[in-house]
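Chemist: Just need the structure, nothing else, for what follows:
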Amino acid sequence: MFLHDLRYAARGLRRNPGLVIIVVLSLGLGIGVNITLFNLFNLVVLEKPTAFQPERLIRIEPGNGNRISYLNYRDMRSNNAFADLALRMETVMSGREDAVVEKITTLQVSGNYFRLLGAKTMLGRTFDTEESVPERDPRVAVIDWEFWQHKLGADPSVLGRVIHLNDRPVTVIGVLPRSFRSGMGALMPEVYLPLSPATSPFLEDRGRPAFEMIARLAPGASREQAQAAFTLHGESSRNGVSGGEP
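Modeler: Purely as a prediction, here's the structure:
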């Protein structure tokens, strides 16, 4: 397994040949919200996401360590400056295959995450928005190409295979292409999971800002319009947005 970890590290280093320290100055809004275009964010994480029209993607930084709660995210999805908004949260889980237990890097995402990116699978499919609603306790997974190759033996019949994460069975429904990049920099997610109260028990806690939020600008909308729309939204829901860690 150590060799597998080295392969993942090498893969990250190939994509990130140097260490760069960059200070990105962005506008501070009335509720402490900064909106960073992905083309600026890339300068920090040194990796472009695999996405349709990546120049229309932005990362929203609402304070609280640049994270947001699930309930605040759900409220903000009505903001018409954005075509869509999605959540993600990196976690490390214990993976079990037969009697072997190892650490698996996962990215928990809202059900619309891959749709927002415009990302496609190499095998199978991504999450269906209805099946991945957190309240339904979804138990499906999309896996990275490297994970499929090196930890599942490039199993051609991997779709429908059950893997165990934190002793919780999930069914593989898709494999991402080798070229897919999550835009998470040095972090290389091996398994993508839809949000679930079983793995994120704080979903109903508005004061728990645990997630990163990314968005796609609505057609014709500019970054400045998005900032203005967020300012207005924040003034009407200031307490919910700016709540700190418990």
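
Chemist: rest of the way, CA atoms for contacts and neighbours
Modeler: Noted.

Chemist: Scan this structure for its longest strand.
Modeler: With secondary structure taken from DSSP state E, the chain has its longest strand at strand 82-97.

Chemist: So which bits of that strand are buried?
Modeler: Buried residues in strand 82-97, counted by 16 or more other Cα atoms under 10 Å: 82-90, 93, 95-96.

Chemist: Paired strands for it, with orientation please.
Modeler: Paired neighbours of strand 82-97 in the sheet (DSSP bridges): strand 100-109 (antiparallel), strand 162-165 (antiparallel), strand 212-217 (antiparallel).

Chemist: Identify, out of those strands, the most deeply packed stretch.
Modeler: Neighbour counts (mean count of other Cα atoms under 10 Å) averaged over each of those peak at strand 212-217, with a mean of 22.

Chemist: Run through who's touching that one.
Modeler: Contacts to strand 212-217, defined as Cα atoms under 8 Å, 6 or more residues apart in numbering, come from residues 56-61, 66-68, 73, 81-89, 116, 223, 226.

Chemist: same thing but at 6 Å, please
Modeler: With Cα atoms under 6 Å, 6 or more residues apart in numbering as the test, strand 212-217 has contacts from 56-60, 67, 82-88.

Chemist: any chance of those in a markdown table, plus distance to residue 171 and pLDDT?
Modeler: Compiled in a markdown table, the contacts of strand 212-217 are given as follows (distance: Cα to Cα, whole Å; pLDDT from 0 to 100):
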| residue | distance to residue 171 | pLDDT |
| --- | --- | --- |
| 56 | 32 | 85 |
| 57 | 30 | 86 |
| 58 | 31 | 84 |
| 59 | 30 | 81 |
| 60 | 31 | 79 |
| 67 | 29 | 86 |
| 82 | 32 | 88 |
| 83 | 30 | 91 |
| 84 | 27 | 90 |
| 85 | 25 | 91 |
| 86 | 22 | 93 |
| 87 | 21 | 93 |
| 88 | 20 | 93 |
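
Chemist: for this protein, what spans make up the strands?
Modeler: Along the chain, counting by DSSP E, strands occupy 34-37, 57-61, 82-97, 100-109, 123-124, 140-143, 162-165, 168-175, 191-194, 212-217.

Chemist: Verify the contact between residue 139 and residue 172 for me.
Modeler: No. Residue 139 is beyond contact range of residue 172, at 8.9 Å (criterion: Cα atoms under 6 Å).

Chemist: of those two, who's got more company?
Modeler: Taking residue 139 and residue 172 together and counting by other Cα atoms under 10 Å, residue 172 has the greater number of neighbours (23 against 18).

Chemist: For the more buried one, which non-adjacent residue is spatially closest?
Modeler: Computed as Cα to Cα, 6 or more residues apart in numbering, the closest residue to residue 172 that is not its neighbour in sequence is residue 141, at 4.8 Å.
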